[in-house]
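Visitor: build me a model from this:
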Amino acid sequence: MLAVTNAALGDESDVNSSRSNLLTNLVSSLQTSSNCITYFRKAESTRIEDVEADIPIYLIDSQIISLGFTNLPECSTFLLMADQETIGLFLEKFAASLPKAGSYVIVRDDLDEESILNQQFFEKVERAVEYRNNGNIEFKAFCRRGKIIKLYNFWNGRQHLLDKSVIPPTRSTFEKELLRAVTFENKPNSYQLENGEYQGFESIIMSTVAENLKLNMTIEPPPNGEQWGEFKNGTFNGLIGQLQSGRSDIGWANLFVKVDRMKYIGYSESYSVDDVCFMYKKPPPPPQWMSIMTPLDLTTWLSVFFATILAALVASFSDRLVLRKKETNYLSLGFLEVFGTIVEKSQHNFLITKSVGQRIFKGMWLLSILVIASGYKSMLISVMTIPLSPRIINTIRELGNFERPVASFGDTFFQLANQSLDPSLQSIASRYITHYNFGEAFKNVSESKIVLGEGELLLEYFKRKDFTDEFGVSDMHIMRECPFGFNVAFGLQKDSPYKARISDKIFQLKESGLIKYWTDKEMESSGRLRNDDDRQEALPLTISNIQVSLYLYALGILVSTSALLFEITARRFAK
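Guide: Modelled structure (predicted):
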């Protein structure tokens, strides 16, 4: 037998056997699904110290209302026995501490026929039952379903007449109850057609959930063109404000789950994770003639250059040992031999070199130059016919060194970046711009004025829709490294009675793959990006593709003509 803990002192009073039996039955039934029971009673009401229980029962006397006591035991079940006025005062005093997800059993000891379940506190409580009588041993049990109070069970003094659980279970459906939704134009999540119907994958998700739960859903935008809302003077406006004030029951618009908002609204089960990424307009590609430098980087080019010079010096030294002619310019001869090797011309000096060792020594050096030249020519042929790509930024470090400012809706990203210890993020925060107009923001990013930081899904959608041609090629680029990720969910009123059932349905839709299907379908409808795996028909080469060959041809003619003219002119002056 467990002793009852007294949270406040009060006088004991006698009760009739029916009420005593009812309390004993309630405690016995409630303890199977509770961690503990908080028993609030009027000073002279029935005591339950002698009730056998396997869990703690904490006694709260009505005198506590006039005291400064504010803490309640963390129990999931509450047994309230008093008149309507006293219970109303208790609910008012401890409203902030009482869990809306808890179970509430009310046993009235007055004859007032007005139900206490009509009070505002029970609008968001799913599991509550109220016992009332008319001065006799019989009690009628009532429960609340939406805004309707319904008869639930009878107590005849010894037992319940209907074989039901003590507390009504959470509703599986809501019987055409009105669900007031709030959203606004936020493609691809939500948007309104000309006929007034809302589309977008989030609107489809909630329409499916509402139909399954038999909820009659109406959708309205936030007032005055407000979007998510701003926090001013302790309250939000916009979508968040509609939920905080109770004017709407649920809302969506790619709503990030943020800790600072949890003080004012609730969230459903998260259905996705959206990363904060960055999109900018790619710079124009470099001219095609620069592909002559593309196969090798600067370090490799320098290595090849010095290897060529060294090979020419080796060739000239070898020729000096073999020919031994004073009037011969061996240095120029060595460079000509290297050049001849590069253009794959035979070297006749090998024939007059009698030493096998010298042939091997000189031949290996020239062979190395031939290998390098052949490899470069092969790579050049493959590169020169492919359009060059501009330098792409993909990391936060690269973005930190980028000159363009970063713009985003609101200051969420700025706060996160400014608090980071990463110097690149701090650099981005130092040139951060807040925008509140998506049309203007996308115009600025298309003009290369800003880098736009938003949810990856939103950026991907508008990249497909507005910045991709008929071949699936886009001049916008979304960085691969995205610094922050947020869970995305539907917003609800704080302690909403719909939360559990809506979250269950969202979880089922997510597990079935329907949410991903609807999201992908909405994205595909906006436009299709070309993948690397997409096969294309072979196209004939244009002049642009062979710019390198034409430039080399022109350069060769210019150099050879200039050399010839120089030699002719020099001979004339010599005569």
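Visitor: the strands in the stretch 401-550 of the chain, which residues?
Guide: In the stretch 401-550 of the chain, strands defined by DSSP state E, counting those that start in this stretch lie at 406-409, 432-435, 451-455, 476-478, 484-493, listed in chain order.
Visitor: need the winner for burial among those.
Guide: strand 451-455 (a mean of 25; mean count of other Cβ atoms under 10 Å). Placement of C-beta: from N, CA and C, glycine included.
Visitor: and stretch 177-194, what's its mean pLDDT?
Guide: Per-residue pLDDT values across stretch 177-194 average out to 91.
Visitor: buried residues of it, list them for me.
Guide: Within stretch 177-194, the residues scored as buried using 16 or more other Cβ atoms under 10 Å are 177, 179-184, 186-192.
Visitor: same check on stretch 114-126?
Guide: Along stretch 114-126, these residues count as buried under the neighbour rule (16+ other Cβ under 10 Å): 115-117, 119, 121-126.
Visitor: what lies in contact with it?
Guide: Contacts to stretch 114-126, defined as Cβ atoms under 8 Å, 6 or more residues apart in numbering, come from residues 84, 87-88, 91, 95, 98, 100-102, 104, 106, 108, 128, 130, 132, 142-144, 147, 149, 170-171, 493, 495-497, 500.
Visitor: take the residues you listed and keep only those in strands.
Guide: Assigned to strands by DSSP state E, the following of these qualify: 104, 106, 108, 128, 130, 132, 142-144, 149, 493.
Visitor: go through those residues and name the one nearest Gly241.
Guide: The closest of the ones in strands among the contacts of stretch 114-126 to Gly241 turns out to be Gln493 (Cβ to Cβ; 11.7 Å).
Visitor: which residue comes closest to the closest one once chain neighbours are left out?
Guide: Using Cβ to Cβ, 6 or more residues apart in numbering and skipping residues adjacent in sequence, the residue nearest Gln493 is Leu243, 5.5 Å away.
Visitor: now do Ile205 against Ala181, distance only.
Guide: Distance of Ile205 to Ala181, computed by Cβ to Cβ, to the nearest Å: 12 Å.
Visitor: so for those two, which residues contact both of them?
Guide: Contact with both Ile205 and Ala181 is made by no residue, according to Cβ under 8 Å, 6+ apart.
Visitor: count the residues that sit near the residue nearest to Gln493.
Guide: Per other Cβ atoms under 10 Å, the neighbour tally for Leu243 reads 27.
Visitor: my guess is it meets Gly491, correct?
Guide: Yes: here Leu243 lies in contact with Gly491, judged by Cβ atoms under 8 Å, at a distance of 5.2 Å.
Visitor: who touches both of those two?
Guide: When Cβ under 8 Å, 6+ apart defines a contact, the residues bordering Leu243 and Gly491 alike are 250-251, 265.
Visitor: nearest to Gln63, of these?
Guide: Using Cβ to Cβ, the shortest approach to Gln63 within the shared contacts of Leu243 and Gly491 belongs to Ile265, at 35.9 Å.
Visitor: just give me the neighbour total for that closest one.
Guide: Counted with other Cβ under 10 Å, the burial measure for Ile265 works out to 21 neighbours.
Visitor: so what's it bridging to?
Guide: Gln493 (DSSP bridges).
Visitor: and the pLDDT for it?
Guide: Here the pLDDT value assigned to Ile265 is 93.
Visitor: now for it: which residues touch it?
Guide: 240, 243-244, 491-494.
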